[in-house]
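>>> Curious how this folds, go ahead:
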Amino acid sequence: MATTQDKVGRRKFLDFPSVFTPHKNLMLDLVSALENRFDSQLLPCTLPPDV
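Residues are numbered from 1 along each chain as shown. Presented below is the predicted three-dimensional model:
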């Protein structure tokens, strides 16, 4: 179960603020595909909250 900090870290990880929309969509699709394929082997996001 993801904690609030994990959810915030994931949201920040998936935010690509300096990327144009088509590239952002591509990045989100790539991350989603990786998550779907390797879900059971992935560790939770460990980005600090101030990143």
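>>> which residue packs closest to Phe16, ignoring adjacent ones?
Lys24 (4.8 Å; CB to CB, 6 or more residues apart in numbering). The way it works is simple: take the backbone N, C-alpha and C, and place the C-beta from them, glycine included.
>>> I'd guessed the one you found sits against Leu30; true?
No. When contacts are counted by CB atoms under 8 Å, Lys24 is not listed as touching Leu30 (10.8 Å).
>>> Which of these two has more residues huddled nearby?
Lys24 (15 against 10; other CB atoms under 10 Å).
>>> Look at that one and report its pLDDT.
Lys24 carries a pLDDT value of 85.
>>> repeat for Glu35
pLDDT, read off for Glu35, is 84.
>>> Equivalent analysis for the one 3 residues further on, please.
You'll see Phe38 listed with a pLDDT of 88.
>>> For it, which three-state class applies?
helix (DSSP: H, G, I helix; E, B strand; the rest coil).
>>> Distance of it relative to Val31?
11 Å (CB to CB, to the nearest Å).
>>> try Pro48
Pro48 is 19 Å from Val31, by CB to CB.
>>> Mind checking which of those two has more residues around it?
More neighbours surround Val31 than the other of Pro48 and Val31, with 14 against 8 (other CB under 10 Å).
>>> Just want to check the distance between the more buried one and Asp39.
12 Å.
>>> Pro22 now?
Distance from Pro22 to Asp39, by CB to CB: 26 Å.
>>> do the same with Leu26
20 Å.
>>> Any regions of the protein where pLDDT drops low?
The chain contains residues with pLDDT under 70 at 1-3, 5-13, 51.
>>> try 90
Applying pLDDT under 90 to the chain picks out residues 1-21, 23-28, 31-32, 34-36, 38-51.
>>> Helices along that one, start to end?
4-13, 21-38 (DSSP state H).
>>> Distance check, the spatially closest residue to Leu42 that is not a sequence neighbour against Phe20.
Nearest residue to Leu42 in three dimensions, chain neighbours excluded: Glu35, at 6.7 Å (CB to CB, 6+ apart). Separation of Glu35 from Phe20 (CB to CB): 23 Å.
>>> cool, and Leu26?
Taken as CB to CB, the span from Leu26 to Phe20 is 10 Å.
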